[in-house]
Every structure is written in C-alpha cells, then in structure tokens.
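> What follows is a predicted structure for the sequence shown.
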Amino acid sequence: MDEWKRVPGRMKPDFSFITLMIVSGTALDSKILSYVLDIVRNPPVDSKYDALKTRILSYSSQSQSTKLRALLQDLQLGDKKPSQLLQEMRNLAAEKVSEDVLRTTWMQRLPTSMQQILSVSNDNLDGFSLIADKVNEVSYFDTVVNSVASDNSVIQSFRDEIAELRAEVKRISRPRFRQSSRGRQENS
C-alpha cells in the first residue's frame, strides 16, 4: 500500500472512479450508460464526477415545459392515493405554480363524488389531501363490498340456471319406451 503513495498522481489509476463506473454500469439503464459512455472511456482530468453527474442529470431531467404539460394534462389519479397524486403534482410544479392553480388542477383529477365532498371544506391543500385519502379508503371499501355482493348475485343466478338445466336434462332423459311400447302392443 505504501508503494502507491510514492507513485506520481497522474500514473495512479483512479480506482474510486473505476469503481463508480462499474457500479454505474450495473445500476444504470443501458440507454443512460450509452449516453455517458464517452465520459467513462475518456474521463476528464478534472471534475470527472461532476461531468458524469451533469450528463446523467441532463439525460434524465425533464424540461420545465414538459413538467408543466404533465402537471396540467397528463397526470391522473389511477390507482394512487389522492395525496400521492398531489405530491407528484407538487414535484412537477416545483414552486412555479401557485397553490390555487395546483389545488384546482388536483381536484379536477379526483372523482366527482370526492370533489363534491371536498368543496364544502375550507382546509388547506394538505388537509384536502388527507380528507381525500380517507374518502378514497371508504369508497374503495364500498366498491369491494358492492363487488362481493354483485358476485354473490351472479353466483346465485348461475346456480338457478344450473338447476333449470338439470331439470331439463332429467325431463329429456326420462325413458320414452313406455309410450312407444304401448303403441306397439295396441297395434299387434
């Protein structure tokens, strides 16, 4: 180890940078890796970490207009909790959008029934998101209960149909030879 201290700095391999490249190579998406490959192959003499960081961030960062478009048009509630949607919208807004615009945009993404419930409150946006999460939990529970109830009615209708089919099969499969055999006896 002491030998490395005597080797001039420009001759020492930069093991920490090499390690970072190996770790980055296994952790990074292949598209990002190809985007930074020139820095990996020929790292700058000074501030190689900053060069790598800047390149990776420029690849993965969205422009402000892209973030704003996503905020105003693309984001939907989907399977997220309302508070998660709000946090995602806040991250995209990055303090460039007023609280009122954010509140209006967020509420438009919520189901109508939830909007109606929230409209009677004068709470701040964080308070709205907590209320919306609770309403969402109750709504989800109602949906599950209704789904189970409708499943039970579907199952019952299947049972009824099966019973009807059994009765029909039984009626069809009754022996008919008695009727035809009587006819033969009368004819003979």
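Sure, I can see it.

> So which elements touch the helix or strand where residue 137 lies?
Applying DSSP states H and E as the criterion places residue 137 in helix 125-172. Counting contacts by 3 or more CB pairs under 8 Å, 6 or more residues apart in numbering; DSSP states H and E, helix 125-172 packs against helix 82-93, helix 99-108, helix 112-118. C-betas here are computed from N, CA, C, even on glycine.

> got the ones you listed as TSV, with mean neighbour count columns?
Output for these, formatted as TSV (neighbours: other CB atoms under 10 Å):
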stretch	mean neighbour count
helix 82-93	18
helix 99-108	15
helix 112-118	14
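
> and of those helices, who's closest to residue 170?
Among the helices and strands packed on helix 125-172, helix 112-118 comes nearest to residue 170, with 49.3 Å by CB to CB.

> Show me what the closest one is packed against.
Helix 112-118 packs on helix 99-108, helix 125-172, going by 3+ CB pairs under 8 Å, 6+ apart.

> So the residue lying closest to residue 35 once chain neighbours are set aside versus residue 168, what's the distance?
Counting by CB to CB, 6 or more residues apart in numbering, residue 35 lies nearest to residue 59, which is 4.9 Å off, once chain neighbours are set aside. Distance, residue 59 to residue 168, by CB to CB, to the nearest Å: 68 Å.

> ditto for residue 54
For residue 54, the distance to residue 168 - CB to CB - is 76 Å.

> picking that back up, if you tally nearby residues, what's the number for the residue nearest to residue 35?
14 (other CB atoms under 10 Å).

> Which parts of whichever strand or helix holds it count as buried, going by neighbours?
For residue 59, the host element (DSSP H and E) is helix 48-60. Residues 48, 52, 55, 56 are the ones in helix 48-60 that count as buried (16 or more other CB atoms under 10 Å).

> Tell me how the chain divides into domains.
If you go by the TED database, the domain ranges for the chain are 1-74, 75-171.

> mean pLDDT lowest for which of these?
Lowest mean pLDDT of the domains of the chain: domain 1-74, a mean of 66.

> who are the neighbours in contact with residue 113?
135, 139 (CB atoms under 8 Å, 6 or more residues apart in numbering).

> Serialize the helices and strands packed on helix 125-172 to CSV and add fields for distance to residue 43.
CSV is the format used below for those (distance: least, CB to CB, whole Å):
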stretch, distance to residue 43
helix 82-93, 32
helix 99-108, 42
helix 112-118, 52
